[in-house]
Every structure is written in structure tokens, then in C-alpha cells.
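In: structure of the sequence below:
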Amino acid sequence: MNALSVFMLAALALTPLINAQAVELNDSFELIINPALVSDYRTSGISQTLGDPAAQLGITLNHASGLYAGVWTSNVDFGNGSKTRQEIEYFAGYFWQIHDRISLDSFYTQYEYPRESDYNQGEIKTVLDVYGVLLGGKYVRNMKGPDYEDEHGEFHKGKQDEDLSSWFIGYHTVLPAEVGLEARYEYVDYKDDVFFSNNGNGRADYHNWEIKLSRELVGVNWSLSYIDTDLSKAECTSFTGFDNLCSATIVVGASKTF
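Out: Numbers count the residues shown, from 1 in each chain. Below you'll find the predicted structure:
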């Protein structure tokens, strides 16, 4: 059975949850549980699962004030002898509803990777939503830089205590037939050269983009995304060890919020 078949069968397991809703604990607190399945787990355009499907689960506790905290997890596979097979995110933040269609979401996330603690890192992120236009940025601290091959083919372990920053612009709306549309363009800067081309030139930054369509059917939110980066196959190989994890792809997703 191929990966897509496994994904589709697993996604169908979400359909019995048609009437599930957020759990209201009292007048102030609400618990939200969000299981999801995706055909490929991509972060900033780069696969975190070697192009394979991922099962994901998020649990968030919301307060009426706008404060929230939670945990999110997904399977991962970085290859190259990496022992970790799980990403765990602990997050806390504040969602400010400024106007009916204007909001500001600021939060901190701590990333943990069992059996590969060198990859643990912290991230601060802010997203402004103004009438569907998204403006956001993030800063990652204490990050282990990626293991990579330089222009001479020599292998280097990633540096410790690296910093990363990015900004993105996007837009989301609802089309006819209740189809959701979201587009995003992101610039990522690793500060040091970690992407090397065949001619030996290196760079520290890259761009990625995504166009996503979504719709709820039989109680499940289905999504279809086109994701790509401006990294060449050689640059992708020098960064991830594989030449096909940064290329254009279609990602299918199924999720349920309750």
C-alpha cells in the first residue's frame, strides 16, 4: 500500500467526529483538540518527513482574555542518521482581537526533539491579520545549525547557538462554495551560508511560498496546498542531504477541530 493510500484511509478515520465541538470547561476556559493528517510535513517549504505523511495532534487551552497555551506534536524524519522521530512544541501566547477583522497573535514556542536534544530551540512569532492580509515574522534562538556539505563536498556539523529570522506576507479569504483560500510568501535568513550550489557559491537565505485551498466535507476540513522554494537541488542537498525535499510539491491534508 502506497503512502497516499495510507493517508486517505487514516483521514477517513476522522469522519466519525462530525458533531464534535470545542470543550467548554467553564465561562472562561475552552479546550481545543486538533488531530490532523498531511501527506508531507513541510516547514517553510522544506520537508520534515523525507516527503512522507505525518500524523499530528494539537491541544490548546484558551482563556476568554485572549491568553492561551498548549502542545503540538508530529512525527518527523530528518534522515542522515538522525535518531529523533518526533517533534514536540510547547507554546503560549496572547491573541488580541482588535476589531472584527483585525487581530494580533503573539506567542512563544519551545521545540523539543526526543533523542536529538541538540535540535531543541525556542521561537518568538507574531502575526497581524488586517482584513485578511497577513503580516508576520519570527525569531529563533539557540538553534543548532543544520549539518551540511560545503562546496568541496566536505561534511560539517551544524553550529550551536545559531539564530534564524523570517518574515512573511499572506492573504486569506473565503471563495464561493465555502472554499477557503490562503496564500503566503516567506523570506528566511539563517545568518550564515548553509546553502551551496554546484559552483561552490553559498548563501544564507531563501524564499518559499504556498497556495492553499480548503473546505469542510463530512465534518472534516480537507486542504490542498501547492508549496515551493527557490532552492536548487544542489542547495537542497547541501542543507538536508537530499535533493527532493525543497522542490515544488502538492500536500493533501485532513484535520478536525473539537
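In: low-scoring stretches of the stretch 151-258 of the chain, by residue?
Out: Scanning the stretch 151-258 of the chain for pLDDT under 70 picks out 151-153, 155-161.
In: where do the helices sit along it?
Out: Along the stretch 151-258 of the chain, the segments classed as helices by DSSP state H, counting those that start in this stretch run 233-240.
In: equivalent analysis for the stretch 1-150 of the chain, please.
Out: Counting by DSSP H, counting those that start in this stretch, the helices of the stretch 1-150 of the chain are 3-12.
In: point out where it drops to low pLDDT.
Out: Looking at the stretch 1-150 of the chain by pLDDT under 70, you get 1-21, 144-150.
In: how about the contacts made by the closest residue to residue 253 other than its chain neighbours?
Out: Spatial nearest neighbour of residue 253, excluding adjacent residues (Cβ to Cβ, 6 or more residues apart in numbering): residue 223 at 4.0 Å. Every C-beta, even on glycine, is put in place using the N, C-alpha and C of the backbone. By Cβ atoms under 8 Å, 6 or more residues apart in numbering, the contact set of residue 223 is 212-214, 251-255.
In: just checking, which of those residues belong to strands?
Out: 212-214, 251-255 (DSSP state E).
In: just the buried ones from these?
Out: 212, 214, 251-255 (16 or more other Cβ atoms under 10 Å).
In: farthest pair in those?
Out: For those, the farthest-apart pair by Cβ to Cβ is 212 and 254; their separation is 13.3 Å.
In: thinking again about what came up before, need the ones in strands among the contacts of residue 223 in JSON lines (columns: distance to residue 187).
Out: Formatted as JSON lines, those follow (distance: Cβ to Cβ, whole Å):
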{"residue": "212", "distance to residue 187": "19"}
{"residue": "213", "distance to residue 187": "24"}
{"residue": "214", "distance to residue 187": "24"}
{"residue": "251", "distance to residue 187": "21"}
{"residue": "252", "distance to residue 187": "26"}
{"residue": "253", "distance to residue 187": "24"}
{"residue": "254", "distance to residue 187": "30"}
{"residue": "255", "distance to residue 187": "27"}
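In: and which of those is nearest to residue 68?
Out: Taking Cβ to Cβ as the measure, residue 68 lies nearest residue 255 of these, at 18.1 Å.
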